[in-house]
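Colleague: Need coordinates for the below:
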Amino acid sequence: MESIPELVDDLVRLILLKLPIKSLIKFRSVSKSWKYIISNNTFIYELYSNNSLALSEGKDDDTPSFLTVHRHLTPNVDKYFSLLSLFRTDGRLNSRIDEVFHIPYITNKSPDCPLIYPAGFGIHCLFEFSSGKVALWNLAIKELKALPLSPFKAEYSDGQYHYGFAHVSFKDGIFSYKVGKMTTRWDEEDSVFWLTIELYSSIDDSWKVLRDCRRLKVGGDTGTFHNWIFSGANLNDTFHCLNWLCAEDPHIFTFDMGTGEFGRFELPNFVKHDSRYEICFSLLTKFDEKFLCLLLYWNNEEEINVDVWVMLEYGIAASWTKKSTTGPIINLDPIEVLGISKRAGVLFLDMEKGLSFCRLGSQKLGLGHQNSDKFHQVVENKESLVSFSGTSDSRKKL
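Modeller: Numbering: from 1, shown residues only. This next block holds a predicted model:
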């Protein structure tokens, strides 16, 4: 027969699992027993899983929030991040910036803007390619962990393209993560790019390098808004990357972070044959955390549109299904596609006036934030209690 204290702990645990992250952070200082429960890895995993399910089913009433990265147009002025939230006023969707973050870790005078990559479990990975710096960031509990610099130093030049990815996993009561840095090398003789991946694992706290591990053909326009050229998403413990370096053969290449093996997924077939679609301005992301999603940018004279396509059956090209078209938006200048939120039902765009958003399938734009600072990314912010300093059911640190 269970003792009364054990029953009390079980009851407390069930109650705590229903509370928001902000309350749990405060309750860690209420008692040692509560702190032990809240700091337990299995509790943290269950809490995040429950919250994610509630979000997916539309049962969560919290205001959706998004992490954005800015780059000020004035030289040598701090790059910074902000926490953006959406809310309704008189039936209209509006936005506000709730908090601004200046992170000393990011080099102020670096020529590139940091990349945010959502690694899962509420963790964001920050990449600064010119310095080689990589850090993991949990915004909810205000923890940032700088990773050791990779010993495989790739020579940085303006002619290179970069990207990064990261994945947090949970197994046997332990949170672990892998981080990848991608760099291209131009092969003048064969007129191709070679891809090198530097891969970090928290299991052995070390980097390894996969040098010239994939050949990337080139052809057509390779213009990009960023000093990185790709966009990508994690799904099924695999990194997926939209590769459009060759206009005649745009596709998604996959990288299994466990085995190191590459694969390939095809895009909707019409993309290769319809010159209106500009894949270099398009984005690969996720829809509802379950499906790969393409935000396909296309224009018709002075009108810009964004199609939302979802791969309903993993890896099956024939399962690409069009969900909606946002537009037409009349605009003389390019519009940068920054991201999508299925939960909020909006698409984020960056225009000359600043951040804009619109309902999926709508052509009506809402002004999210107007200033002289460039919005480079918008990623959905999900809170968790995953700590980089270790937790009570595991001696192993992230």
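Colleague: Kindly state the beta-bridge partners for the closest residue to residue 206 other than its chain neighbours.
Modeller: Using CB to CB, 6 or more residues apart in numbering and skipping the chain neighbours, the partner closest in space to residue 206 is residue 200 (7.3 Å). Glycine gets a C-beta too; all of them are placed from N, C-alpha and C. Beta-bridge partners for residue 200, by DSSP bridges, are residue 179, residue 207.
Colleague: The helix or strand of the chain with the lowest mean pLDDT: what's the following helix or strand?
Modeller: Least confident helix or strand, the chain: strand 366-369 with a mean of 65, by mean pLDDT, DSSP states H and E. Downstream of strand 366-369, the next assigned helix or strand under DSSP states H and E is strand 374-380.
Colleague: Kindly report the domain assignment for this protein.
Modeller: 4-55, 88-381 (the TED database).
Colleague: Need the winner for burial among these.
Modeller: Across these, the average number of neighbours (mean count of other CB atoms under 10 Å) peaks for domain 88-381, which reaches a mean of 17.
Colleague: can you pull the contacts of residue 241?
Modeller: Applying CB atoms under 8 Å, 6 or more residues apart in numbering, we find residue 241 in contact with 163, 165, 182, 230-232, 252-255, 284.
Colleague: and residue 295, what helix or strand is that in?
Modeller: Assigned by DSSP H and E, residue 295 belongs to strand 291-300.
Colleague: what is the mean pLDDT for that strand?
Modeller: Mean per-residue pLDDT for strand 291-300: 90.
Colleague: what does it contact?
Modeller: Outside of strand 291-300, the residues within contact range by CB under 8 Å, 6+ apart are 233, 235, 240, 242, 252, 265, 267-268, 271, 274, 276-279, 281-287, 304-312, 314, 320, 328, 335, 337, 340, 347.
Colleague: For stretch 178-186, what is the distance to the chain centroid?
Modeller: The chain centre lies 16 Å from the centre of stretch 178-186; the measure is CA atoms, centre = their mean, to the nearest Å.
Colleague: cool, stretch 83-95 as well?
Modeller: Its chain's C-alpha centre and that of stretch 83-95 lie 22 Å apart, by CA atoms, centre = their mean.
Colleague: Quick check: end-to-end length of it?
Modeller: 10 Å (CA to CA, to the nearest Å).
Colleague: which outside residues touch that stretch?
Modeller: Against stretch 83-95 from outside (CB under 8 Å, 6+ apart): 63-68, 96-101, 139, 344, 346, 355, 357, 359, 366, 368-369, 378, 381.
Colleague: which ones among those residues are found in strands?
Modeller: The strands, defined by DSSP state E, take in 65-68, 96-101, 346, 355, 357, 359, 366, 368-369, 378 from the contacts of stretch 83-95.
Colleague: so where do the strands sit in the stretch 151-300 of the chain?
Modeller: Assigned by DSSP state E, counting those that start in this stretch, the stretch 151-300 of the chain shows strands spanning 162-171, 174-187, 192-201, 206-217, 231-235, 238-243, 251-256, 262-266, 283-287, 291-300.
Colleague: Can you redo these as JSON lines, where the extra columns are distance to residue 90?
Modeller: Below are these laid out as JSON lines (distance: least, CB to CB, whole Å):
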{"stretch": "strand 162-171", "distance to residue 90": "40"}
{"stretch": "strand 174-187", "distance to residue 90": "43"}
{"stretch": "strand 192-201", "distance to residue 90": "48"}
{"stretch": "strand 206-217", "distance to residue 90": "50"}
{"stretch": "strand 231-235", "distance to residue 90": "35"}
{"stretch": "strand 238-243", "distance to residue 90": "38"}
{"stretch": "strand 251-256", "distance to residue 90": "42"}
{"stretch": "strand 262-266", "distance to residue 90": "43"}
{"stretch": "strand 283-287", "distance to residue 90": "29"}
{"stretch": "strand 291-300", "distance to residue 90": "29"}
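Colleague: All good on my end, thank you.
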